[in-house]
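*Asks:* Here is a sequence with its predicted model. Questions after.
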Amino acid sequence: MIKFGTGGWRAVIGDGFTKENVQILAKAMAEKMKAEGVADKGIVLGYDRRFLSKEAMQWAGVVFAANGISASLINKSSPTPLVMFYVMKHELPYGMMVTASHNPAIYNGIKLFTLGGRDADEVQTREVEEYIGKVTLPIEAMEYEDAKAAGLIREFYPINEYIDNILERVNVEAIKGASLRVALDPMYGVSETAIKTILLTARCEMETIHGRHDTLFGGKLPAPNEGAMNPLKTCVIDNHCDIGIATDGDADRIGVVDDTGRYLSPNDILVLLYYYLVKYRNEKGPVVRNLCTTHMLDRIAERFGEKSYEVPVGFKHISAKITETNALIGGESSGGLTVRGHINGKDGVYAAALLVEMLAVTGKKISEMFDDIQKEFGKFYMLENNYSFRAEKKREYQKLLLEDKVVPAFETEVDRTSYMDGCKVYFKNGGWVCVRFSGTEPLLRIFCEMPDKGLAERTCDTYKDLLGLGD
């Protein structure tokens, strides 16, 4: 039952996400570490604010302890990028984070990180699944207090070194001189302590909403998409803030509202940060994006003599390509991004600090920055539609899209088609449409980017009609 998707293992609490399955995964990881000769280096584990997250971290910890592997448990709910940072800085072979990221509240899961603080790639997760298949019940586990007394479980909270690492990489003095007011929506998740500490250190004024601990996330998805940003928009306008920042449940993704209350998508944020880094910081390097992320990045890269690399969905692909090409920035349309010199994965906390630095250094409002970019590079309209389907229909869709490779007749002239990840059609006007299965939920997703909204909608509808999908 334990299968890894693009964002780790996720399952419904009480169904797939159970104490037994968490401990099966921990036992599999323990056996993998012993086989690789890295068990003596230990493992770090963290957790977010979801229901049973802390308990699940402890369930895993006592299994590692029973296998003689030292487990360092972060004893307060923390951002996922903190775990990645700790794995990287302390050269640990593995780290685990109990989280289901931006999934609905009925889900929980575990993300796995490897040496360097990277998301585990398909090779690693496939190996873990093979070890899972060899696990026999019952799972041996120590009593928690006995494991602590034996020194096999250590509780600690390494937030300071993570925050200090970010403070070293942003222009704190510039921010101090800008007198900025920032609205923050952690979406009942784990970003508040880190972001507020960083921005208050830089003398920003802060307004915070949805900061309390709520395992139901206010009854909504803990995802910083446009539909969830109305409270933040109101906060920005009512308090005359320079920017509004929202993070998902485990703080590795970010959403933004500009000074006028306009929602800026993850695509817009990537564009703003890449443009800022190459134009104002004078940094060099290509950009990496997944195939469902804006091609505006390609235009900016070309303008500054750089390249844009396209990879499949899943941040592990972005991290690997950044390492291969020494890219400056990489990201995805779902809200995750990383910048060279920090960690090897997505970090909403660091992205938030960089955006505030951008306002301070440029002296421009974020709305002005975004409008200037559109004037220089043109406009694209991005559309994403998600469709649920019955399990028995998946095979039918796979055959149609990926085996028979049926492509509908579009009103826009087609340039080429790619099957790197699902089916992506590139048009000669610079637009594109992509259909792929979600790696974390039972959904079929249609992404489209076109010069205008109407054309994007009609292009998505063409694919929807071909597949017989409902609204």
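*Replies:* Now that the structure is in, tell me what you want to look at. Numbers count the residues shown, from 1 in each chain.

*Asks:* just checking, what packs against the helix or strand hosting residue 22?
*Replies:* Assigned by DSSP states H and E, residue 22 falls within helix 19-35. Applying 3 or more C-beta pairs under 8 Å, 6 or more residues apart in numbering; DSSP states H and E, one finds that helix 19-35 contacts helix 53-66, strand 94-98, strand 107-114, helix 122-134. Using the backbone N, CA and C atoms, a C-beta is placed for each residue, glycine as well.

*Asks:* Name the residues of that helix that are buried.
*Replies:* Buried residues in helix 19-35, counted by 16 or more other C-beta atoms under 10 Å: 21-33.

*Asks:* okay if I get those residues as TSV plus distance to residue 146?
*Replies:* Shown next, in TSV, are the buried residues of helix 19-35 (distance: C-beta to C-beta, whole Å):
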residue	distance to residue 146
21	23
22	19
23	16
24	21
25	22
26	17
27	18
28	23
29	21
30	17
31	22
32	24
33	21
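
*Asks:* pLDDT and distance to residue 291 added to those residues, as a markdown table?
*Replies:* Converted to a markdown table, the buried residues of helix 19-35 look like this (pLDDT from 0 to 100; distance: C-beta to C-beta, whole Å):
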| residue | pLDDT | distance to residue 291 |
| --- | --- | --- |
| 21 | 98 | 32 |
| 22 | 98 | 33 |
| 23 | 98 | 36 |
| 24 | 98 | 33 |
| 25 | 98 | 30 |
| 26 | 98 | 34 |
| 27 | 98 | 36 |
| 28 | 98 | 31 |
| 29 | 98 | 31 |
| 30 | 98 | 36 |
| 31 | 98 | 35 |
| 32 | 98 | 31 |
| 33 | 98 | 34 |
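
*Asks:* what's the most distant pair in these?
*Replies:* Distance extremes for those: the farthest pair is 21 and 33 at 18.8 Å, using C-beta to C-beta.

*Asks:* how about stretch 417-425: buried residues?
*Replies:* With burial defined by 16+ other C-beta under 10 Å, the residues of stretch 417-425 counted as buried are 421-425.

*Asks:* Over to stretch 396-410?
*Replies:* 397, 400-401, 407, 410.

*Asks:* Out of the residues you listed, list just those in helices.
*Replies:* residue 397 (DSSP state H).

*Asks:* could I get the buried residues of stretch 396-410 as JSON lines with pLDDT?
*Replies:* Formatted as JSON lines, these follow (pLDDT from 0 to 100):
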{"residue": "397", "pLDDT": "91"}
{"residue": "400", "pLDDT": "92"}
{"residue": "401", "pLDDT": "92"}
{"residue": "407", "pLDDT": "93"}
{"residue": "410", "pLDDT": "95"}
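
*Asks:* Name the nearest of the buried residues of stretch 396-410 relative to residue 323.
*Replies:* For the buried residues of stretch 396-410, the nearest to residue 323 is residue 401 (30.7 Å; C-beta to C-beta).

*Asks:* before we move on, the earlier item: could you dump the buried residues of stretch 396-410 to JSON lines with distance to residue 439?
*Replies:* Formatted as JSON lines, those follow (distance: C-beta to C-beta, whole Å):
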{"residue": "397", "distance to residue 439": "15"}
{"residue": "400", "distance to residue 439": "19"}
{"residue": "401", "distance to residue 439": "15"}
{"residue": "407", "distance to residue 439": "22"}
{"residue": "410", "distance to residue 439": "26"}
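
*Asks:* Can you tell me which of the buried residues of stretch 396-410 is nearest residue 288?
*Replies:* Residue 288 lies nearest to residue 401 out of the buried residues of stretch 396-410, by C-beta to C-beta, at 25.0 Å.

*Asks:* In this structure that closest one contacts residue 422, no?
*Replies:* Yes: with contact defined as C-beta atoms under 8 Å, residue 401 reaches residue 422; the gap is 6.9 Å.

*Asks:* what sits in contact with each of the two?
*Replies:* Common neighbours of residue 401 and residue 422, using C-beta atoms under 8 Å, 6 or more residues apart in numbering, are residue 435.

*Asks:* what ranges do the helices span in the stretch 151-300 of the chain?
*Replies:* With DSSP state H, counting those that start in this stretch as the criterion, the stretch 151-300 of the chain has helices at 159-167, 172-176, 192-201, 230-238, 266-279, 296-303.

*Asks:* what domains does the record give for this structure?
*Replies:* Domain assignment of the chain by automatic domain parsing yields the ranges 9-160, 170-377, 381-467.

*Asks:* From the chain's centroid, how far away is the second one?
*Replies:* Between the centre of domain 170-377 and the centre of its host chain there is 12 Å, according to C-alpha atoms, centre = their mean, to the nearest Å.

*Asks:* distance between the ends of it?
*Replies:* This stretch, domain 170-377, spans 27 Å end to end (C-alpha to C-alpha, to the nearest Å).

*Asks:* Check the shortest one too.
*Replies:* Across domain 381-467, the straight-line distance between its terminal residues is 23 Å, by C-alpha to C-alpha.

*Asks:* Can you give me the distance of residue 327 to residue 253?
*Replies:* Taking C-beta to C-beta, to the nearest Å as the measure, residue 327 falls 19 Å from residue 253.
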